[in-house]
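Colleague: Generate a structure from the sequence data that follows.
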Amino acid sequence: MFVAISSDGKRVSIVKFCALELDINNRSTLNETEIKLSQVSDTEWISERQDAKSWSVATRAPGEPFNGGPTEMHLTNFPSSVWCMQGYIEVTGQDGNTCRLAAGEGIYLDGRALHHSRFGPSREPVTDLTLGFPGTQAYVFK
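Modeller: Predicted coordinates:
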């Protein structure tokens, strides 16, 4: 995390995390995205309010397979961010690169990016929080 002092004297930070977006050939590829955070107390940093349109929490048993099989790829059809709250999640794009998430880590998914989600490696139940954003394409974090 990079920390700087803004013009109004507040500490600000840029946090980078995994992003599954489209390359020039419209294939899903792993990149990074970033969110600007501002410090609001000694232990808290927050971003500006994002334009989320939905949220969901899911829990899966350890080793639970995904409905489409071990290599299926699917779309969300809306941009979203998925945050691992417990356990481990692996998200793989068409380019074969994988982002592995542990508790507290997240990934941004472009709504058009084919991806495979895997929960099998986790030895404990997997709980994830998904935030959906408006539209079907890329979402720009504030």
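
Colleague: Which secondary structure state does the residue sitting nearest the centre point of the chain sit in?
Modeller: Central residue of the chain (Cα atoms, centre = their mean): Ile107, 1.8 Å from the mean position. Put simply, Ile107 is strand when judged by DSSP: H, G, I helix; E, B strand; the rest coil.

Colleague: Across the sheet, point out what pairs with it.
Modeller: Judged by DSSP bridges, the bridge partners of Ile107 are Cys18, Val82.

Colleague: Now do the contacts for Met85.
Modeller: Val57, Ala103, Gly104, Thr127, Asp128, Leu129 (Cβ atoms under 8 Å, 6 or more residues apart in numbering). To be clear about C-beta, it is placed using only N, CA and C from the backbone, and glycine gets the same treatment.

Colleague: Thr76: which of these is nearest?
Modeller: Proximity of the contacts of Met85 to Thr76 (Cβ to Cβ) peaks at Asp128, which lies at 12.8 Å.

Colleague: where does Gln50 land on pLDDT?
Modeller: Turning to Gln50, the model gives it a pLDDT of 89.

Colleague: just to revisit the earlier point, quick one: contacts for the residue nearest to the centre of the chain?
Modeller: Contacts here follow Cβ under 8 Å, 6+ apart; on that basis Ile107 touches Phe17, Cys18, Ala19, Leu20, Ser81, Val82, Val91, Cys99, Leu101.

Colleague: The fourth one: how many residues sit nearby?
Modeller: The one in question is Leu20. When neighbours are defined as other Cβ atoms under 10 Å, Leu20 has 25 of them.

Colleague: just to revisit the earlier point, quick one: which of the contacts of Met85 sit in strands?
Modeller: Among these, DSSP state E puts Val57, Thr127, Asp128, Leu129 in strands.

Colleague: so how far is Glu90 from the last one?
Modeller: Here Leu129 is placed at a distance of 17 Å from Glu90 (Cβ to Cβ, to the nearest Å).

Colleague: before we move on, the earlier item: what separation is there between the residue nearest to the centre of the chain and Val126?
Modeller: Noted for Ile107: a distance of 14 Å to Val126, by Cβ to Cβ.
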